[in-house]
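Chemist: predicted model and sequence below, questions to follow.
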Amino acid sequence: DGGITQSPKYLFRKEGQNVTLSCEQNLNHDAMYWYRQDPGQGLRLIYYSQIVNDFQKGDIAEGYSVSREKKESFPLTVTSAQKNPTAFYLCASSYEGVADTQYFGPGTRLTVL
Amino acid sequence: QKEVEQDPGPLSVPEGAIVSLNCTYSNSAFQYFMWYRQYSRKGPELLMYTYSSGNKEDGRFTAQVDKSSKYISLFIRDSQPSDSATYLCAMSASPRGNTPLVFGKGTRLSVIA
């Protein structure tokens, strides 16, 4: 099946720990994105990558880091510098050529204990 | 003023009702408009896409764009309990699919049987 997978579905973190969220796509999409979703806040862009080995900060990049070593993978690390990391994290991907093809993964719920 | 405004609801309607969901935007450069549906604790799924003023119909769903008023709508006819979800509008100024979309905060819809 083609699509976007995110793992784990639920993640618990102690304060002061870094955690990495996985995002993989087999759609041969060029661009990948990370969003954070909080109740009443909509989707907020953390980072995005248009090509391998390149990425740009979104609106709320502080306390997060990413890498794009492979076209199909775009992991997100939530560092201890992120003051309020409890949220629902969504990964998305899209083709370069067509504006409508941004597809989302199922999400990861991160909870800080 | 935020780039995209969307009433968060919640909106509660009886089964069979016609639902109207709306977004307004301030950036006249936006040319591409999407509607996503998001069920609770799931990733958003692309529902409708349009790039011109006027109406686009797909089954029970109609997307309407009025660029002169900077206003877009999604109509759901014969609403069903399975339509209960959060509906997000999204927009882009670029025809290229590798640029981030600008999202509204979403409207939560409940269709009561």
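Modeler: Right, received. Where do you want to start? Since this is a predicted model, take the numbers as computed values, not measurements.
Chemist: for the biggest strand by length in chain A, list the C-alpha coordinates in CSV.
Modeler: Of all the segments assigned as strand in chain A under DSSP state E, the longest by residue count is strand A:42-51. These are the backbone C-alpha positions of strand A:42-51, laid out as CSV (Å, rounded to 0.1, in the frame of the first residue of the first chain):
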residue,chain,number,x,y,z
GLY,A,42,-5.2,24.4,14.0
LEU,A,43,-2.1,23.1,12.2
ARG,A,44,1.1,24.9,12.8
LEU,A,45,4.1,24.3,10.6
ILE,A,46,7.3,23.2,12.3
TYR,A,47,9.7,22.3,9.5
TYR,A,48,9.4,21.4,5.8
SER,A,49,11.8,20.0,3.2
GLN,A,50,11.5,20.4,-0.5
ILE,A,51,14.4,18.2,-1.5
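Chemist: show me what that strand is packed against.
Modeler: Contacts of strand A:42-51 with other secondary structure elements, assessed using 3 or more C-beta pairs under 8 Å, 6 or more residues apart in numbering or on different chains; DSSP states H and E, are made with strand A:31-38, strand A:54-57, strand A:64-66. Heads up, the C-betas are built off the backbone N, CA and C, glycines and all.
Chemist: mind redoing it with 10 Å?
Modeler: Using 3 or more C-beta pairs under 10 Å, 6 or more residues apart in numbering or on different chains; DSSP states H and E as the contact definition, the elements that strand A:42-51 packs against are strand A:31-38, strand A:54-57, strand A:64-66, strand A:76-78, strand A:87-94, strand B:85-92, strand B:102-103.
Chemist: adding mean pLDDT, write the ones you listed out as CSV.
Modeler: Written out in CSV, the entries for the helices and strands packed on strand A:42-51 read as follows (pLDDT from 0 to 100):
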stretch, mean pLDDT
strand A:31-38, 95
strand A:54-57, 96
strand A:64-66, 97
strand A:76-78, 97
strand A:87-94, 96
strand B:85-92, 95
strand B:102-103, 92
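Chemist: centroid-nearest residue for chain A?
Modeler: For chain A, the residue lying nearest the average C-alpha position, counting by C-alpha atoms, centre = their mean, turns out to be residue A:34 (2.9 Å).
Chemist: would you map the strands across chain B?
Modeler: Counting by DSSP E, chain B has these strands, from start to end: B:4-6, B:11-14, B:19-25, B:32-38, B:45-50, B:54-58, B:61-66, B:71-76, B:85-92, B:102-103, B:107-112.
Chemist: test my guess that residue B:80 contacts residue B:61.
Modeler: No: because the distance of 11.7 Å does not satisfy C-beta atoms under 10 Å, residue B:80 is recorded as not touching residue B:61.
Chemist: and these two? Which one has more around it.
Modeler: residue B:61 (17 against 12; other C-beta atoms under 10 Å in any protein chain shown).
Chemist: show me what that one is bridged to.
Modeler: Beta-bridge pairing of residue B:61, defined through DSSP bridges, involves residue B:58, residue B:76.
Chemist: which ones are touching it?
Modeler: With C-beta atoms under 10 Å, 6 or more residues apart in numbering or on different chains as the criterion, the residues that contact residue B:61 are B:19, B:35, B:37, B:47-48, B:74-77, B:83.
Chemist: any low-confidence regions in chain A?
Modeler: When the per-residue scores of chain A are filtered using pLDDT under 70, the ranges that remain are A:1-2, A:98-100.
Chemist: contact partners for residue A:7?
Modeler: By C-beta under 10 Å, 6+ apart, the contact list for residue A:7 reads A:21-24, A:105-106, A:108.
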